[in-house]
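**Q** This is the structure alone, sequence omitted:
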């Protein structure tokens, strides 16, 4: 299983199903063609077809019903970020790449979060901020710092952004711990408290203009402690 | 298989392996704990462990060696974007979300692409641009337009960015086709040729400052034809 020949075959099946979804021929709850039919259409061996369907099943995209066939799931939700995060780590994705990507999205993300954040999310963000500034263990703080930014990503309600952000989750812990440690060594903890407080207050007040400015200041400060 | 209870169980396994990778205890080529050991550590049923390993195998993260065990792959490369793209489509990710995300990244992406693009990639970009402006079929043009931007993503060499961009691939086709059609109806094809030519020339000349400005103009024009 999983030699490169097979891989190409089942990627092909996934591509085919993707096209059908794209063209509106397959929707939530629809039955997909039988294995036999897919063999005919795609001219790929039955084993590869079966593997592709297994992957889509495990990823929560399709479900098999005993004696009935394979269907596009109705209660679809994406949870790719775990395996993708591992993939990024293994592919030698560096801190530099994460930082570069964060620089592209954080400012706009904070702005949109301030526009769309719900009351419940505001409570969660405030709670996260309180923990972030009151706990003395820097290892735990790095996790709350990471969570603080993830909550902003989630508040945007943009699933592409949320997914991309979550995929960096594991690696962000390390990056944030490093940068925080440098920042504290150089200027003490007040700086870190301040840059998060300013973002938190602006988002809690649902002020997108101030959220943008506060996140710009946050990223400018962080940049100093990122080698 | 794949009811929500199982799902939580194997997500847990994936999380465990992620942590091991994060902490440097598992690296490329390393053997991961046996199924029996994972059952002990995680207190999860053997079937769920097996499913999690199967997923990681199919996703190309681990490989099983007959009679020897399961190893982190050495020849790792990520190919999540296919299934993830389907996932986005099925989760009712809208054109608005894609457009919002593109607005965050396209300008910076063009800037970095201009700095890092290789000679081969320049040839590919020029070739793509030539096809984009010389083909009369707007359905095919939308695909070349999509490819044009994907090539810029690829030229950044930032795998997080590339992966996030690729995940939108299927949906981008539709978005781009729509926006192009509106733009052409309103101002003719010259506009579309111009905004791509300016980006193409700046990137080919490896001029990041001009690439940034050209992509800003591109996105401003596109915004007009995006409802």
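**A** Arrived safely. Note that the structure is predicted; figures quoted are calculated from it, not measured. Numbers count the residues shown, from 1 in each chain, chains lettered A, B, ... in the order given.
**Q** Return the nearest residue of chain A with respect to chain B.
**A** Closest approach between chain A and chain B, counting by CB to the nearest CB: residue A:164, at 4.0 Å. For every residue, glycine as well, the C-beta is placed using N, CA and C.
**Q** Surely that residue is in contact with residue B:162?
**A** No - with contacts counted by CB atoms under 8 Å, residue A:164 stays clear of residue B:162, the gap being 11.0 Å.
**Q** And those two? Which one has more around it.
**A** A side-by-side neighbour count of residue A:164 and residue B:162, using other CB atoms under 10 Å in any protein chain shown, places residue A:164 first with 26 against 19.
**Q** Pull the contacting residues for the nearest residue to that one once chain neighbours are set aside.
**A** Spatially, and ignoring its direct neighbours in sequence, residue A:164 is nearest to residue B:164 (4.0 Å; CB to CB, 6 or more residues apart in numbering or on different chains). Counting by CB atoms under 8 Å, 6 or more residues apart in numbering or on different chains, residue B:164 touches A:101, A:160, A:163-164, A:167, B:101, B:105.
**Q** Those, buried ones only, as a PyMOL selection?
**A** In PyMOL, a selection of the buried entries from the contacts of residue B:164 looks like this (16 or more other CB atoms under 10 Å in any protein chain shown):
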select buried, (chain A and resi 101+160+163+164+167) or (chain B and resi 101+105)
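**Q** Is residue A:63 part of a helix or strand, or is it coil?
**A** Here residue A:63 is recorded as strand under DSSP: H, G, I helix; E, B strand; the rest coil.
**Q** burial measure for it, as a count.
**A** Neighbourhood size, residue A:63 [other CB under 10 Å]: 18.
**Q** just residue A:220 next, same as before
**A** By other CB under 10 Å, 10 other residues sit near residue A:220.
**Q** How much space separates residue A:191 from residue B:49?
**A** 45 Å (CB to CB, to the nearest Å).
**Q** quick one: which of these two has more around it?
**A** Using other CB under 10 Å as the criterion, residue A:191 and residue B:49 rank with residue B:49 on top: 24 against 17.
**Q** which sections of chain A are below the confidence cut-off?
**A** Within chain A, the ranges that satisfy pLDDT under 70 run A:1-10, A:59, A:75-85, A:91-92, A:227.
**Q** residue boundaries of the helices in it?
**A** A:4-22, A:35-42, A:46-58, A:81-90, A:95-116, A:119-134, A:138-155, A:159-166, A:169-187, A:189-204, A:208-224 (DSSP state H).
**Q** So which of the ones you listed is nearest residue B:143?
**A** Evaluated over those, closeness to residue B:143 peaks at helix A:4-22, with 11.8 Å, by CB to CB.
**Q** Residue A:16 against residue A:41, yeah?
**A** Yes - counting by CB under 8 Å, residue A:16 does reach residue A:41; the two are 7.1 Å apart.
**Q** When those two are compared, which one has more neighbours?
**A** residue A:16 (19 against 12).
**Q** To what extent is the closest residue to that one other than its chain neighbours buried, counted in neighbours?
**A** Leaving aside its sequence neighbours, residue A:16 sits nearest to residue A:42 (CB to CB, 6+ apart; 5.9 Å). When neighbours are defined as other CB under 10 Å, residue A:42 has 17 of them.
**Q** Residue A:42 and residue A:15 touch, don't they?
**A** No - the pair residue A:42 / residue A:15 is not scored as a contact, 9.3 Å apart, by CB under 8 Å.
**Q** What's the local residue count around residue A:153?
**A** 22.
**Q** what's the distance between the residue lying closest to it once chain neighbours are set aside and residue A:17?
**A** Closest residue to residue A:153 apart from its sequence neighbours, by CB to CB, 6+ apart: residue A:165 at 3.9 Å. Remark: distance between residue A:165 and residue A:17 (CB to CB) = 26 Å.
**Q** OK, contacts around residue A:168?
**A** With contacts defined as CB under 8 Å, 6+ apart, the neighbours of residue A:168 are A:85, A:88, A:98, A:101-102, B:160.
**Q** So chain A: which segments form each domain?
**A** Split into domains by automatic domain parsing, chain A comes to A:4-72, A:81-224.
**Q** now these in JSON lines, with distance to residue B:149?
**A** JSON lines is the format used below for the domains of chain A (distance: least, CB to CB, whole Å):
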{"stretch": "domain A:4-72", "distance to residue B:149": "17"}
{"stretch": "domain A:81-224", "distance to residue B:149": "14"}
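**Q** right, so those domains: which one is the most enclosed?
**A** Most buried of the domains of chain A, by mean neighbour count (mean count of other CB atoms under 10 Å in any protein chain shown): domain A:81-224, with a mean of 19.
**Q** who's in contact with residue A:34?
**A** residue A:69.
**Q** Got the phi and psi for it?
**A** Backbone dihedrals for residue A:34, given as degrees, to the nearest 10, come out at phi -70, psi 160.
**Q** Same check on residue A:66?
**A** Note on residue A:66: its backbone torsions stand at phi -50, psi 120 [degrees, to the nearest 10].
**Q** Residue A:111 against residue A:213, yeah?
**A** No - the criterion here is CB under 8 Å, and residue A:111 misses it with residue A:213 at 9.4 Å.
**Q** farthest residue from the center of chain A?
**A** Computed with CA atoms, centre = their mean, the residue of chain A farthest from its C-alpha average is residue A:40, at 36.6 Å.
**Q** got a list of what it touches?
**A** Contacts of residue A:40 by CB under 8 Å, 6+ apart: none found.
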